[in-house]
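**Q** What would the 3D arrangement of this be:
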Amino acid sequence: MTKLDLIEALAAKEKLTAKQSTDIINQILKGFTDTMKKGDRIEIRGFGSFTVREYESYKGRNPKTGKKIEVQQKKLPFFKVGKELKGMVDSDG
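**A** Below you'll find the model as predicted:
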């Protein structure tokens, strides 16, 4: 499912215009992004949780040239699936 699919599904289900549906989805995603930028956790019960993981700098290797490089420390989003979603995806029907 793409963002556009989600917007269209919301518009159809709730009888909204495409603009209204787009605004709602964009506001939700902005809220998620702003929360994670602050380093906070997002939990959606039955679905999963989003956190930010911090990685220290390390010495890496450029696969193209083989030259050693210093990889800077970074923060990356991480998703952990919820038990209910895991069960639904794994079920036979």
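
**Q** hey, let's count contacts and neighbours off CA atoms from now on
**A** Fine.

**Q** which ones are touching Val76?
**A** In this structure residue 76 is Leu, not Val. Val52, Arg53, Glu54, Tyr55 (Cα atoms under 8 Å, 6 or more residues apart in numbering).

**Q** where along the chain do the helices fall?
**A** 3-14, 18-37, 83-90 (DSSP state H).

**Q** mind putting those helices in TSV, mean neighbour count and mean pLDDT included?
**A** Below are these laid out as TSV (neighbours: other Cα atoms under 10 Å; pLDDT from 0 to 100):
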stretch	mean neighbour count	mean pLDDT
helix 3-14	14	97
helix 18-37	14	97
helix 83-90	12	93
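
**Q** Turn these into a markdown table, including distance to Pro63.
**A** A markdown table is the format used below for the helices of the chain (distance: least, Cα to Cα, whole Å):
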| stretch | distance to Pro63 |
| --- | --- |
| helix 3-14 | 33 |
| helix 18-37 | 30 |
| helix 83-90 | 35 |
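
**Q** out of those, nearest to Asn62?
**A** helix 18-37 (28.6 Å; Cα to Cα).

**Q** just checking, what packs against the closest one?
**A** Under the contact definition 3 or more Cα pairs under 8 Å, 6 or more residues apart in numbering; DSSP states H and E, helix 18-37 sits against helix 3-14, strand 42-44, strand 48-55.

**Q** The ones you listed: which one's closest to Ile25?
**A** helix 3-14 (6.7 Å).
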